[in-house]
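Undergrad: Output the structure for:
(one chain, ligands or ions: 3)
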Amino acid sequence: QVNIFNSGPATQVQKFIATLRKGPPNTLTQLPGNYLGPILNFQQGQKVRVFFNNNLKEPSIIHWHGLHVPQHSDGHPMYSINTGEQFVYEFEVLNRAGTSFYHSHSHNLTAEQVYRGLAGLIVVNDGDEAKLELPGGEYDLPLVIQDRSFDSQNQLQYLHAMPERIMGFLGSNILVNGKPNAEFSVKSRAYRFRAANGSNSRIYKLGWEDGTPLTAIGTDAGLLAKPETRPYIMLAPGERVDLWLDFSGRKAGSQLTLYSLPYSGVMPGMYDRMHKDGGGMGMMHSRLPQGGKFPIAVFKVSEKVSDSPKLPEKLVSFQRLTERDVDNAANPLPIAISMQHMKPLLNGKSFAMDRVMDFEKVALGSIKKIKIFHDHDSAGQHSGGMGMMGGMQHGDNEHNGESGDHKMGGMGGMGGMGGMGGMGGMGGGMMMEMAHPIHLHGQQYQILSRNAAKVKPADYATVKDGFIDSGWKDTVLVMPGETVEIVKPFQDYKGLFLYHCHNLEHEDLGMMRQFYIG
Ligand code: C2O
Ligand code: CU
Ligand code: CU
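TA: Ligands and ions are numbered 1, 2, ... in the order given. The predicted structure is shown next:
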């Protein structure tokens with residue numbers, strides 16, 4: 001029996017205890033002095049039982065993002081438990097080797113609970129992967145990227161004001177594996193870094209400072225068929241990418257910085273501009289704009305070594321799913337993104353706990369084509385929505401009036417909103433569009449196509465080479481105006497499985513729906 005206390009010096013303490021009984025001794029990798037949960041190491045085929053004890057003063061439930069598990073163990077918010085209660089998860093690890101992550105999923109509380117530390121990595125290993133002799137042990141490292149803000153007491157600061165809720169919270173500091181100013185001491189050889197974006201809403205464009213390309217060997221929850229080398233890699237909230245970082249040939253004492261490189265177009269133009277023009281509008285508290293350039297981690301070569309594993313030409317084999325594998329090629333299931341009254345919606349609806357029986361039905365065992373797109377018809381109602389937001393903003397300020405800081409930010413935001421409301425008609429439906437990382441629970445899917453005809457080419461050019469669509473995915477970044485078609489199997493388990501935007505503020509605002517598989 002192992003107890004894990006998830007707390008850290010720089011955080012308001014959030015404690016939870018996960019207990020794994022009779023697990024192999026290496027099931028947990030502790031990250032000492034860290035507000036992230038320990039890494040859970042699973043083998044494909046392993047049967048897992050987790051005892052989740054809620055010691056928070058509010059409800060919580062944990063979801064195993066990326067793992068294909070039965071409804072009961074998937075962390076649907078309807079299973080949220082109260083203070084002092086215990087939830088027992090039981091599942092078999094069906095996934096192939098890859099990286100997933102667990103996090104809180106209690107509706108309306110997800111964003112803040114994850115923000116304050118209820119998240120950790122899951123590593124699944126299998127036999128196919130073992131044959132590849134990829135870098136292991138001390139050469140196989142986590143790279144969990146999060147942005148956080150701290151108050152004057154150095155405590156985590158989370159804002160509930162309207163701009164943060166509607167656009168997503170952006171923190172001012174970048175943490176890697178729970179630490180600021182991350183540094184890795186590496187040998188001159190190849191490493192496997194399991195990068196995960198555990199941020200609430202920040203999208204990273206990973207790239208080396210010196211323009212060296214990046215190589216991926218895996219996406220969300222599985223290894224690729226073969227490595228992919230890109231000038232940069234986009235990583236949206238909820239996404240993972242297995243990186244092959246090769247320092248061989250580099251001198252001892254040299255160092256290399258991994259950056260988030262600049263890109264544009266994921267926020268509505270108006271916000272983008274307000275942001276860049278600086279604090280005048282007071283819209284966002286973060287000193288790091290979405291799409292700005294900033295360092296993520298420094299890699300210092302400590303020691304020159306002569307041998308290094310070689311990057312395999314081929315990784316694992318799996319079936320590439322196509323239109324021929326689905327039973328609804330002409331009739332894809334829609335996931336329509338829209339915005340109404342300052343609420344981001346899926347298929348025109350908002351998730352609420354008293355509507356958990358509102359779902360789309362899918363036959364168990366089927367493989368479906370799903371079309372994720374921006375719905376301009378409902379998006380057209382924006383100018384009305386703007387007026388609404390002014391009102392909500394005001395209410396919010398009164399509510400959060402205790403902090404002068406927040407109030408200032410909020411008031412600035414209100415001014416900004418007023419301006420936007422006035423221009424809503426001009427901008428039309430496109431104006432409020434932003435990028436959304438769309439996540440589907442259950443089995444992994446594959447990406448069939450992207451149609452960026454309606455995306456501003458100048459913006460798309462800053463991100464398009466960073467999408468790795470050749471592997472298994474569970475979260476996909478959909479740019480404003482973009483349409484993404486995916487193929488998803490609905491096998492093995494009956495029941496309710498969520499799909500939602502992984503901008504966690506959007507998720508909490510109700511940008512979430514569910515499939516009933518049966
Ligand atoms: Cu990572 Cu339903 O979430
Ligand atoms: Cu998930
Ligand atoms: Cu979203």
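
Undergrad: ok, which stretches of the stretch 201-350 of the chain are strands?
TA: 204-208, 214-219, 222-230, 233-235, 240-246, 255-260, 294-303, 333-340, 343-346 (DSSP state E, counting those that start in this stretch).

Undergrad: Go through the last one and flag the buried ones.
TA: Buried positions in strand 343-346, judged by neighbour count with 16 or more other C-beta atoms under 10 Å: K343, P344, L345, L346. For every residue, glycine as well, the C-beta is placed using N, CA and C.

Undergrad: Poorly predicted segments of the stretch 251-400 of the chain, please.
TA: Along the stretch 251-400 of the chain, segments meeting pLDDT under 70 span 269-286, 377-400.

Undergrad: ok, for the residue in it that ligand 2 sits nearest to, nearest residue in space, not its chain neighbours?
TA: Per C-beta to the ion, F351 is where the stretch 251-400 of the chain lies closest to ligand 2, at 14.0 Å. Once flanking residues are discounted, F351 sits nearest to M512: 3.9 Å by C-beta to C-beta, 6 or more residues apart in numbering.

Undergrad: related to what we said a few turns ago, from the buried residues of strand 343-346, which is closest to ligand 1?
TA: The closest of the buried residues of strand 343-346 to ligand 1 turns out to be L346 (C-beta to the nearest ligand atom; 12.6 Å).

Undergrad: Could you double-check that the closest one sits in contact with Y499?
TA: Yes. L346 is within contact range of Y499, at 7.3 Å (criterion: C-beta atoms under 8 Å).

Undergrad: Which residues are in contact with each of the two?
TA: Counting by C-beta atoms under 8 Å, 6 or more residues apart in numbering, the contacts common to L346 and Y499 are I335, M512, R513.

Undergrad: and of these, the nearest to ligand 1?
TA: Lowest distance from ligand 1 to those (C-beta to the nearest ligand atom) belongs to M512, with 7.6 Å.

Undergrad: separation between that closest one and G222?
TA: Counting by C-beta to C-beta, to the nearest Å, the separation of M512 from G222 is 24 Å.

Undergrad: and the two? which has more neighbours close in?
TA: More crowded of M512 and G222, by other C-beta atoms under 10 Å: G222, with 28 against 25.

Undergrad: Which residues does the residue in the chain that ligand 2 sits nearest to form beta bridges with?
TA: Ligand 2 sits closest to H65 of the chain, with a gap of 3.6 Å, by C-beta to the ion. Beta-bridge pairing of H65 under DSSP bridges involves F101.

Undergrad: For it, give me its contacts.
TA: S100, F101, Y102, H103, G238, H439, D474 are the contacts of H65 under C-beta under 8 Å, 6+ apart.

Undergrad: Touching, the third one and A119? I think so.
TA: Yes. Between Y102 and A119 a contact is recorded at 6.8 Å, counting by C-beta under 8 Å.

Undergrad: So in terms of bridging, what pairs with the residue nearest to F351?
TA: Legend: beta-bridge partners of M512 under DSSP bridges are H500.

Undergrad: Check whether R165 sits in a helix, strand or coil.
TA: Following DSSP: H, G, I helix; E, B strand; the rest coil, R165 is assigned to helix.

Undergrad: ok, now which ones touch it?
TA: E505, D508, L509.

Undergrad: Based on its surroundings, how many neighbours for S100?
TA: Counted with other C-beta under 10 Å, S100 comes out at 25.

Undergrad: Surely it is in contact with L67?
TA: Yes. Using C-beta under 8 Å, S100 is in contact with L67, at 5.5 Å.

Undergrad: Need the residues touching each of these two.
TA: I122, V124, A221.

Undergrad: how does this protein divide into domains?
TA: Each domain of the chain is listed here as a residue range: 16-132, 137-303, 323-381+431-517, 382-416, per automatic domain parsing.

Undergrad: List the contacts of the residue nearest to G168 when sequence neighbours are not counted.
TA: Take G168 and drop its neighbours on the chain: the residue closest to it by C-beta to C-beta, 6+ apart is S201, 2.4 Å away. The neighbours of S201, taking C-beta under 8 Å, 6+ apart as the test, are M167, G168, F169, L170, P237, Q290, N503, L504, E505, H506.

Undergrad: please redo it, this time with the cut-off set to 6 Å
TA: When contacts are counted by C-beta atoms under 6 Å, 6 or more residues apart in numbering, S201 touches G168, F169, N503.

Undergrad: okay, stretch 72-92 in PDB with CA atoms only?
TA: Only the C-alpha atoms of stretch 72-92 are listed here, as PDB (Å, rounded to 0.1, in the frame of the first residue of the first chain):
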ATOM      1  CA  HIS A  72     -17.500   3.100 -14.500                       C
ATOM      2  CA  SER A  73     -13.700   3.700 -14.400                       C
ATOM      3  CA  ASP A  74     -13.500   6.600 -16.900                       C
ATOM      4  CA  GLY A  75     -14.000   9.400 -14.300                       C
ATOM      5  CA  HIS A  76     -17.200  10.700 -15.700                       C
ATOM      6  CA  PRO A  77     -18.200  13.700 -13.400                       C
ATOM      7  CA  MET A  78     -21.400  11.800 -12.400                       C
ATOM      8  CA  TYR A  79     -19.000   9.600 -10.300                       C
ATOM      9  CA  SER A  80     -17.600  12.600  -8.400                       C
ATOM     10  CA  ILE A  81     -17.200  11.700  -4.700                       C
ATOM     11  CA  ASN A  82     -17.400  14.000  -1.700                       C
ATOM     12  CA  THR A  83     -14.900  14.800   1.000                       C
ATOM     13  CA  GLY A  84     -13.900  11.700   2.800                       C
ATOM     14  CA  GLU A  85     -15.400   9.300   0.300                       C
ATOM     15  CA  GLN A  86     -13.500   6.600  -1.700                       C
ATOM     16  CA  PHE A  87     -13.900   5.600  -5.300                       C
ATOM     17  CA  VAL A  88     -12.500   2.300  -6.600                       C
ATOM     18  CA  TYR A  89     -11.400   2.100 -10.200                       C
ATOM     19  CA  GLU A  90     -10.900  -1.300 -11.900                       C
ATOM     20  CA  PHE A  91      -9.700  -1.700 -15.400                       C
ATOM     21  CA  GLU A  92      -7.400  -3.700 -17.600                       C
END
